[in-house]
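Undergrad: Just need the structure, nothing else, for what follows:
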Amino acid sequence: MADTCEVIGQLERDWRDALCSKDLDQLAGMMHPDFVLIGTRSTGPFLMHRNDWLEAIQRREVDTIEFNVMDATAFDNVMIGTVHARWRIKYLGRVIEDCVLLTDVWVREGDRWLAIRRHSTPAPAGQCDNLKGE
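TA: Model (predicted):
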């Protein structure tokens, strides 16, 4: 599991770095064409497909993202990571701070890993207090 956590940790760092720098080409290159973000927030559940997510990212200004890979499982061409994350962004004129529990599903295509699903739900109280920011 340690190796899988390291691989997922590097993927998460690459994702974070591309997101913070608004490198849409890098982000798009890390996403499977069938990528879907599934989430739950105080406003209710939501579903966002790849192109909608990439469009929304352009309207956000990411301040910080900290995360910790809590668990990882690997199969031949699929990895699943459980990640606690905290971020601070500016979106539509508002500052949003969020602490979430993510389940990221990565599929291997050739020699690269692509995110195909991300499930995001609010993290339980106290779960994001000691994130490293990797």
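
Undergrad: make it CA atoms for all contacts and neighbour counts henceforth
TA: OK.

Undergrad: after the longest helix seen in the chain comes which helix or strand?
TA: Taking DSSP state H as the criterion, the chain has its longest helix at helix 2-20. Sequence-wise, the next helix or strand downstream of helix 2-20 (DSSP states H and E) is helix 24-30.

Undergrad: Can I get that following helix in CSV? Just the C-alpha atoms.
TA: Taking Å, rounded to 0.1, in the frame of the first residue of the first chain, the C-alpha atoms of helix 24-30 are listed here in CSV:
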residue,chain,number,x,y,z
LEU,A,24,-5.8,23.8,-17.9
ASP,A,25,-3.8,21.8,-20.4
GLN,A,26,-2.1,19.9,-17.6
LEU,A,27,-5.4,19.3,-15.8
ALA,A,28,-7.2,18.2,-18.9
GLY,A,29,-4.3,15.8,-19.6
MET,A,30,-4.8,14.3,-16.2
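
Undergrad: For the following helix or strand past it, which strands pair with it and how are they oriented?
TA: For helix 24-30, the following helix or strand on the C-terminal side (DSSP H and E) is strand 31-41. Using DSSP bridges, the strands paired with strand 31-41 are strand 44-49 (antiparallel), strand 112-122 (parallel).

Undergrad: Tell me which other helices or strands whichever helix or strand comes after the shortest one touches.
TA: Going back to what we said before, that points to strand 44-49. Using DSSP H and E, the next helix or strand after strand 44-49 towards the C-terminus is helix 50-57. Helices and strands touching helix 50-57, by 3 or more Cα pairs under 8 Å, 6 or more residues apart in numbering; DSSP states H and E, are strand 31-41.

Undergrad: Quick check: which of the strands paired with strand 31-41 is buried the most?
TA: strand 112-122 (a mean of 20; mean count of other Cα atoms under 10 Å).
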